[in-house]
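[1] Here's my sequence, what's the structure:
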Amino acid sequence: MTKKNNDGGFIYSTNPNFKIGLQQEGAAGSIPPNQQDLRIHLDRLGGSKVVTRIVGYIGSEEELEKMGRMLKQKCGVGGTVKDKVILIQGDHREKILVILTKDGFKAKKAGG
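    Presented below is the predicted three-dimensional model:
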């Protein structure tokens with residue numbers, strides 16, 4: 001029997017073969033693109049500034065950074081990746097949706 005605290009860490013285990021390190025490694029791996037469920041949002045920042053926000057990616061920070069660079073390059077704009085969210089300057093929801101679905105991701109527009 002294992003028990004988790006509210007932070008997602010383990011408090012104790014009565015299983016003598018239980019290994020915390022192995023459990024965490026399996027959870028941190030990335031999943032294939034066709035199983036990713038990405039959402040593409042449009043946000044307004046500071047009045048008239050518009051950004052396209054992509055959320056829901058499960059994988060390493062390096063892969064997320066690589067995807068962010070690729071999307072910025074294909075859209076021809078700037079952006080950033082922080083807190084597991086990709087921010088692309090401007091309204092590029094349609095273009096990003098086509099790019100992600102072409103790469104095999106499950107993606108859809110979300111929000112208003």
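
[2] and the residue with the largest distance to the centre of the chain, what is it in contact with?
    What lies farthest from the middle of the chain is Pro16; by C-alpha atoms, centre = their mean that is 35.0 Å. Contact criterion C-beta atoms under 8 Å, 6 or more residues apart in numbering gives no residues in contact with Pro16. (Glycine included, C-beta is placed from N, CA and C.)

[3] three-state assignment of it?
    Secondary structure, DSSP: H, G, I helix; E, B strand; the rest coil: Pro16 is coil.

[4] While we're on it, how confident is the model there?
    Note on Pro16: pLDDT of 75.

[5] What of Ala110?
    89.

[6] Quick check: nearest residue in space to Asp91, chain neighbours excluded?
    Val50 (5.2 Å; C-beta to C-beta, 6 or more residues apart in numbering).

[7] Give the rounded mean pLDDT of the longest strand along the chain.
    Longest strand in the chain by number of residues, with DSSP state E as the criterion: strand 37-45. Averaging pLDDT along strand 37-45 yields 91.
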